[in-house]
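Chemist: the following comprises the amino acid sequence and a computationally predicted model.
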Amino acid sequence: MKETPVPRVVTCRTCGKPVAWIPENTYRPFCSERCRSIDLGAWAAEEYRVPEQSKPLPDEQ
C-alpha cells in the first residue's frame, strides 16, 4: 500500500493563514488571488526593497 505524502504547509506572506504547498494551489505561497495582488501592489509601490551590498564608488578621472 502506497502512502500519500503529507503536503508541506507554509504561511501566507500577506495574511498569515496556513497554505498547503501543492500544485493545485496556483496562488502559493499566498492563500488567494487577493493576497497575491496585495503583495504585488506593495512591490509596485516600492514598499519592499532589496538591500544594497555596497555603493559603487564614483569614477576618478
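Modeler: Arrived safely.
Chemist: wait, is I38 part of a strand?
Modeler: No. Looking at I38 with DSSP: H, G, I helix; E, B strand; the rest coil, it is helix, so not inside a strand.
Chemist: got a list of what it touches?
Modeler: By CB atoms under 8 Å, 6 or more residues apart in numbering, the contact set of I38 is T14. To be clear about C-beta, it is placed using only N, CA and C from the backbone, and glycine gets the same treatment.
Chemist: can you give me the distance of it to V50?
Modeler: 19 Å (CB to CB, to the nearest Å).
Chemist: which stretches of this protein form strands?
Modeler: Counting by DSSP state E, one finds strands in the chain at the ranges 8-11, 18-21.
Chemist: now those strands as CSV including mean neighbour count, distance to A42 and mean pLDDT?
Modeler: Shown next, in CSV, are those (neighbours: other CB atoms under 10 Å; distance: least, CB to CB, whole Å; pLDDT from 0 to 100):
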stretch, mean neighbour count, distance to A42, mean pLDDT
strand 8-11, 12, 17, 94
strand 18-21, 14, 18, 94
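Chemist: need these in CSV with distance to P56, can you?
Modeler: Converted to CSV, the strands of the chain look like this (distance: least, CB to CB, whole Å):
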stretch, distance to P56
strand 8-11, 36
strand 18-21, 38
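Chemist: nearest to R34, out of those?
Modeler: Evaluated over the strands of the chain, closeness to R34 peaks at strand 18-21, with 13.0 Å, by CB to CB.
Chemist: chain center to the closest one, what's the gap?
Modeler: 13 Å (CA atoms, centre = their mean, to the nearest Å).
Chemist: since that was my last question, I'll sign off now.
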